[in-house]
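Novice: Okay, predicted coordinates and the sequence, questions at the end:
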Amino acid sequence: MIRERFFFRETIATILAEETVHITSAKKGILAARQVLERYIARDPFFLVTLDPYEPDSDEPVIVRMAQATAKANVGPMAAVAGAIAWAGVEEMTERGAEFGVIDNGGDIALISDRNVRVGLHAGTAPLSGRAAFVVPPQESILGICTSSATVGPSISFGVADAVTVFSHDVALADAYATSICNQIRIDDASVLSKLDPDEIKGVFAVLGEHTKRWGTLPPIIRAVVDEHLISAGDRL
């Protein structure tokens, strides 16, 4: 397996693949999505800064996906940027025939896999952080595994959770809901989870200090030692 870090402006991603051609394809997809996004923001800068759902004047897939996902999650379109860009990269990998491909864009992951994949849990100073991993079974279609945190990283958050991880085959939606849920969930109030659509969101795992909240169908969680040097910083555009 090939593991490569990819840096381009605000994008700091980790790409996993079996063949060099698929690493190249991942970069191509990431760059193409970024270029579309940057061109759109240049003519509509409000898309970049608003924290509310926003209907863009564009039919570009990456823009539409971000807008639609964040409208459902009731957050601003940039809440889905890292997931949408990772999604575009893995799509390009699959178009070149990849059966295995992972892009970790700052904790927002898109993957397709013909084998089990371990995804480590990073939740700041929470006791579970760095000591557990999801064992994600093979995925014939692209899966999003996106995480938002109120205590780790540069992203804007109005919550208190150390980590909220959302699983969905709509990667932009996983990213958007990770932000939305992280903004709202509390140790004594997880009612936001009851509003989720199980046809769109597969599962949610939230870490709030010593407490955890689960919803939906989650892959097995095992004890693991997570190497923090493998964590990607991601897109902040």
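Specialist: Structure's in. What do you need?
Novice: The helix or strand containing Ala82: what's the following helix or strand?
Specialist: In the assignment (DSSP states H and E), Ala82 maps to helix 81-95. Once the chain leaves helix 81-95, the next helix or strand it forms, by DSSP H and E, is strand 101-105.
Novice: which residues sit against that next one?
Specialist: 11-17, 22, 26, 30, 82-83, 85-86, 89-90, 93-94, 109-113, 117, 231-232, 234-235 (CB atoms under 8 Å, 6 or more residues apart in numbering). All C-beta spots, glycine's among them, are computed from the backbone N, C-alpha and C.
Novice: pLDDT of the lengthiest helix in the chain, averaged?
Specialist: Identified as the longest helix of the chain according to DSSP state H is helix 20-43. Mean pLDDT, helix 20-43: 98.
Novice: how much does it deviate in direction from strand 101-105?
Specialist: 40 degrees (axes from the mean of the first three to the mean of the last three CA atoms, to 10 degrees).
Novice: what does helix 20-43 contact?
Specialist: Residues contacting helix 20-43 (CB under 8 Å, 6+ apart): 2, 4, 6, 8-9, 11, 13, 15, 17, 47-48, 56, 58, 60, 62-63, 81, 84-86, 88-93, 95-96, 98, 101, 103, 237.
Novice: got the phi/psi numbers for the residue nearest the centre of the chain?
Specialist: The residue lying closest to the centre of the chain (CA atoms, centre = their mean) is Asp108, at 2.4 Å. With angles defined as degrees, to the nearest 10, Asp108 sits at phi -110, psi 110.
Novice: Next up, the contacts around it.
Specialist: 82-83, 86, 144-147, 171, 174-175, 178, 234-235.
Novice: Need those residues in TSV (columns: pLDDT and secondary structure).
Specialist: Shown next, in TSV, are those (pLDDT from 0 to 100; DSSP: H, G, I helix; E, B strand; the rest coil):
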residue	pLDDT	secondary structure
Ala82	96	helix
Gly83	97	helix
Ala86	98	helix
Gly144	98	strand
Ile145	98	strand
Cys146	98	strand
Thr147	96	strand
Val171	98	helix
Ala174	98	helix
Asp175	98	helix
Ala178	97	helix
Gly234	53	coil
Asp235	53	coil
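Novice: Among the residues you listed, name the buried ones.
Specialist: Buried subset of the contacts of Asp108 (neighbour count, 16 or more other CB atoms under 10 Å): 82-83, 86, 144-147, 171, 174-175, 178, 234-235.
Novice: and these, which two are the farthest apart?
Specialist: Of all pairs drawn from the buried ones among the contacts of Asp108, the one with the longest distance (CB to CB) is Ile145 and Asp235, at 15.7 Å.
Novice: show me where the chain has helices.
Specialist: Listed in chain order, the helices of the chain (DSSP H) span 20-43, 46-49, 61-73, 81-95, 171-184.
Novice: Run through the bridge partners of Leu143.
Specialist: Beta-bridge partners of Leu143, counted by DSSP bridges, are Leu111.
Novice: I figured it was touching Phe167, is that so?
Specialist: Yes. At 6.8 Å, Leu143 counts as touching Phe167 under the criterion of CB atoms under 8 Å.
Novice: give me every residue that touches Ile85.
Specialist: Going by CB under 8 Å, 6+ apart, Ile85 touches Thr11, Ile30, Ala33, Arg34, Leu37, Val62, Asn105, Asp235.
Novice: How much space separates the residue nearest to it when sequence neighbours are not counted from Glu55?
Specialist: Leaving aside its sequence neighbours, Ile85 sits nearest to Ala33 (CB to CB, 6 or more residues apart in numbering; 4.8 Å). Per CB to CB, to the nearest Å, Ala33 is found 20 Å from Glu55.
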